[in-house]
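**Student:** Test case, fold it:
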Amino acid sequence: MPSITPVLEKADANLDTSLERLFELLAIPSISTDPAYKDDCYRTATFLADYLNKLGFSADVRDTIGHPMVVGHHACENPNAPHVLFYGHYDVQPVDPIELWDYDPFTPQILERNGRKVIAGRGSSDDKGQLMTFVEACRAYKETHGELPCKITILFEGEEESGSPSLQPFLEANKDELKADFALVCDTSMWNHETPAIPTSLRGLLGEEVTIHAASRDLHSGLYGGAAANPITILARIVADLHDRDGKITIDGFYHGVEETPEQIKQAWRSLDQSDEEFLGDVGLSKCFGEKGRSAHELTWARPTAEINGITGGYTDDGFKTVIPAQASAKISFRLVGKQDAEKIRVSFRRFVEERLPEDCTVSFKDHGASGGIALPFDSPIIEKTKTALSDEWPKPTVLVGMGGSIPIVGDFQTFLGMESVLVGFGLADDQLHSPNEKYELNSFHKGIRSWIRILNALA
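**Tutor:** Alright, predicted model coming up:
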């Protein structure tokens, strides 16, 4: 293997020009959810494809039913080196409310926050700054040794922030081209400023919207109150029944496929030195509310949930209106883990609701997607190599964590390409993703580039 030291030195020397490239990318308002920015999304894809081509990739912009994908390929002279697929997304969230920004979201700049230099601008952390750490690592390798240590395919998506409607059809149509030994995904965070983290589990997500229908119209509560069924009352009873007194979910078969977290993993999470009170303190809480006897980390990383995200019905404007509504609705999300079957849970949930309906009331449902949880083996050789490479770069050793949220692309890579993923990211909890004043630590960007150099070297 060629020496890694001059590659790291090249990345250090390139930092100013790497920032220039990033700033050019951040200045393009690639907001995928707003049709007004369609041309900007295409311009961003073209920028990335052109840059990859300048680095020796064979890259182009691929049209989809929505915003385009960018696909790039680079060969490797080492026949024993793995083939990796790197994924990132170039689209960004809207900037509303604009009046809460301290700076122009699309005029990137270096600022100082709490004594640390940060890259300020929409997309700096989610996900343009992150994806550029990998691109700049490839650049440093090419400029130093003239080649890359692995065979690399790059996939940049332009609809991650708008539900990825084109992604699955694109993967299905191009699976032979995109198939690799494994995927590298850069859309996650560090544990803290000094400690890198590798998520080894992701919770899946199932969404349901349920509407209880009773009378044919809204009713006067004086004329009909006490006799007519009230959909809000019925709905409230149903959602209250979802959990027992110990916080467990009562839907039949809900816990099928849920395994207990191994004790050694729970011990590792306890060693992260963050108590339940510290975890909840930032949001003004102190006690865990879910299943009794479990820590905040276990509840958010390894246990399934049923959460009521919103309830509507009746009169909710200012003032008072004595009405019995004709219908009431709730939006409910389930975070799934292990081998839980999302579609079976959907069927069980709907049966759960129907069994609790009064005789002359009806119910309608609307689904909002379904994806299972993802669990990666803690002892995977790829994860071990990545863990060691990150620990060599950062002040503190890499920790293995779970993620309470969902990254659907990881499941899509499993389903459509038969690939496992390694998740590595350099964001921080206070980067204000999706919010005004998004930022990305300059140190995250710089050491992120160096980290990918070490990871590619270790994988090769």
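**Student:** and Ser451, what does it touch?
**Tutor:** Residues near Ser451 by Cβ atoms under 8 Å, 6 or more residues apart in numbering: 133, 137, 196, 389-390, 393-394, 424, 426. For the C-beta atoms, the positions are set from N, CA and C on the backbone; glycine is no exception.
**Student:** Hmm, I typed the wrong one, I wanted Gly338.
**Tutor:** 257-259, 373, 375.
**Student:** that older thread, pick the one among the contacts of Ser451 closest to Tyr315.
**Tutor:** Distance to Tyr315, by Cβ to Cβ, is smallest for Phe426 among those, at 48.5 Å.
**Student:** could I get the contacts of Gly338 as JSON lines with neighbour count, distance to Thr250 and pLDDT?
**Tutor:** JSON lines is the format used below for those (neighbours: other Cβ atoms under 10 Å; distance: Cβ to Cβ, whole Å; pLDDT from 0 to 100):
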{"residue": "Gly257", "neighbour count": "17", "distance to Thr250": "17", "pLDDT": "95"}
{"residue": "Val258", "neighbour count": "16", "distance to Thr250": "14", "pLDDT": "95"}
{"residue": "Glu259", "neighbour count": "11", "distance to Thr250": "20", "pLDDT": "91"}
{"residue": "Gly373", "neighbour count": "23", "distance to Thr250": "20", "pLDDT": "89"}
{"residue": "Ala375", "neighbour count": "16", "distance to Thr250": "24", "pLDDT": "83"}
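**Student:** For Leu423, see how far away the most centrally placed residue in the chain is.
**Tutor:** Geometric centre of the chain, nearest residue: Ile407, 4.0 Å, by Cα atoms, centre = their mean. Computed as Cβ to Cβ, to the nearest Å, the Ile407 to Leu423 distance reads 7 Å.
**Student:** Give me the spatial nearest neighbour of Asn14, chain neighbours excluded.
**Tutor:** Leaving aside its chain neighbours, Asn14 sits nearest to Ala140 (6.0 Å; criterion: Cβ to Cβ, 6 or more residues apart in numbering).
**Student:** Pop the domain breakdown of the protein in here.
**Tutor:** Domain ranges of the chain: 5-202+374-459, 204-258+304-371, per automatic domain parsing.
**Student:** Name the helix or strand of this protein that has the lowest mean pLDDT.
**Tutor:** strand 374-375 (a mean of 84; mean pLDDT, DSSP states H and E).
**Student:** What are the buried residues along the helix or strand just after it?
**Tutor:** Per DSSP states H and E, strand 374-375 leads on to helix 381-393 as the next helix or strand towards the C-terminus. Buried positions in helix 381-393, judged by neighbour count with 16 or more other Cβ atoms under 10 Å: 382-383, 385-387, 389-393.
**Student:** and which of those residues is nearest to Val399?
**Tutor:** Checking the buried residues of helix 381-393 against Val399 by Cβ to Cβ gives Lys387 as the nearest, at 8.8 Å.
**Student:** Just the pLDDT at that closest one, thanks.
**Tutor:** We note a pLDDT of 96 for Lys387 in this prediction.
**Student:** Spatially nearest residue to it (excluding sequence neighbours)?
**Tutor:** Leaving aside its sequence neighbours, Lys387 sits nearest to Thr398 (Cβ to Cβ, 6+ apart; 4.4 Å).
**Student:** what's in contact with stretch 306-324?
**Tutor:** If you take Cβ under 8 Å, 6+ apart as the criterion, stretch 306-324 is touched by 214-215, 218-222, 224-225, 228, 230-232, 235-236, 239, 242-243, 249, 251, 254, 325, 327-335.
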